[in-house]
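Peer 1: What shape does this take:
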Amino acid sequence: MKKWLQYFLVFLLAFTLSGCGASPESAEKTGNTASSGKTLDAARSEDEENPKIDESSQESDDIPHQTTSDEDSELQEDGVYTSRDEVAQYIFTYGHLPSNFITKKEAKALGWEGGGLEPYAPGKCIGGSRFGNYEGLLPEKEGRVYTECDIDTLGADRRGAKRIVFSNDGLIYYTEDHYESFELLYGEE
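Peer 2: Reported below is the predicted structural model:
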């Protein structure tokens, strides 16, 4: 009887762990419902839109690092990305954040108060809010607006210090020390 119970518990644990995470595709098919019962579309305010980069200011020779055609072909507009290189390349390629990013305002509407986002919006990361550049570490220009997003936080229990900050005119920066220093990934200052 003990042996049978052990096998049953192992099976139950394996079954539970393998089926506990919903894929982003299944979340979209079911309306992106979070634990609060609100949909992400309902949480998104009408006056707040995901920032897009002005593509007319981008030139192909402004890329500090090289990408291969394999990388370009693997990067899908409807994909889920959270790493530094993938998110930066995605922003450069498509002019906006991947769909797995939601703003702090959207997350708060789902019950999030800080820390990990997974319990409130499975498969999502914080991104799309305005970055103020109050310390003046990034170059200023008339009409330039910066936006920030978290990096490497998908499923994490806290947000960490890694961010990408990008402008509406093609500059894409990475900071691994929570805005203390920045590395230019795309664009020309």
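Peer 1: Which residues in the longest strand anywhere in the chain does the neighbour count mark as buried?
Peer 2: The longest strand of the chain (DSSP state E) is strand 125-131. Under the neighbour-count criterion of 16 or more other CB atoms under 10 Å, strand 125-131 has C125, I126, G127, G128, S129, F131 buried. Placement of C-beta: from N, CA and C, glycine included.
Peer 1: Low-confidence ranges, the protein, go.
Peer 2: By pLDDT under 70, the weakly predicted segments of the chain are 1-73.
Peer 1: can you pull out the helices in it?
Peer 2: Under the criterion DSSP state H, helices of the chain are mapped to 2-19, 24-29, 40-43, 69-74, 84-94, 104-109.
Peer 1: what angle do the longest strand of the chain and helix 84-94 make?
Peer 2: 60 degrees (axes from the mean of the first three to the mean of the last three CA atoms, to 10 degrees).
Peer 1: What helices and strands are in contact with strand 125-131?
Peer 2: Judged by 3 or more CB pairs under 8 Å, 6 or more residues apart in numbering; DSSP states H and E, the packing partners of strand 125-131 are strand 101-102, helix 104-109, strand 146-150.
Peer 1: Could you single out the most deeply buried of the ones you listed?
Peer 2: strand 101-102 (a mean of 26; mean count of other CB atoms under 10 Å).
Peer 1: That one: partners in the sheet, and parallel or antiparallel?
Peer 2: strand 125-131 (parallel) (DSSP bridges).
Peer 1: what does the strand it pairs with contact?
Peer 2: Contact partners of strand 125-131, identified using CB atoms under 8 Å, 6 or more residues apart in numbering, comprise 50-51, 82, 97, 100-107, 117, 145-150, 153-154, 159, 164-165.
Peer 1: next one: stretch 140-156
Peer 2: By CB under 8 Å, 6+ apart, stretch 140-156 touches 21, 51, 80, 82-84, 87, 97, 100-101, 116-118, 123, 125-133, 138, 159-160, 162-169, 171, 174.
Peer 1: Buried residues, it. List them.
Peer 2: By 16+ other CB under 10 Å, the buried positions in stretch 140-156 come out as R144, Y146, T147, E148, C149, D150, I151, D152, T153, L154.
Peer 1: try stretch 106-119
Peer 2: Applying 16+ other CB under 10 Å to stretch 106-119 flags E106, A107, A109, L110, W112, L117, E118 as buried.
Peer 1: can you list the residues you listed in a markdown table and add distance to E188?
Peer 2: Below are the buried residues of stretch 106-119 laid out as a markdown table (distance: CB to CB, whole Å):
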| residue | distance to E188 |
| --- | --- |
| E106 | 32 |
| A107 | 33 |
| A109 | 37 |
| L110 | 38 |
| W112 | 36 |
| L117 | 33 |
| E118 | 37 |
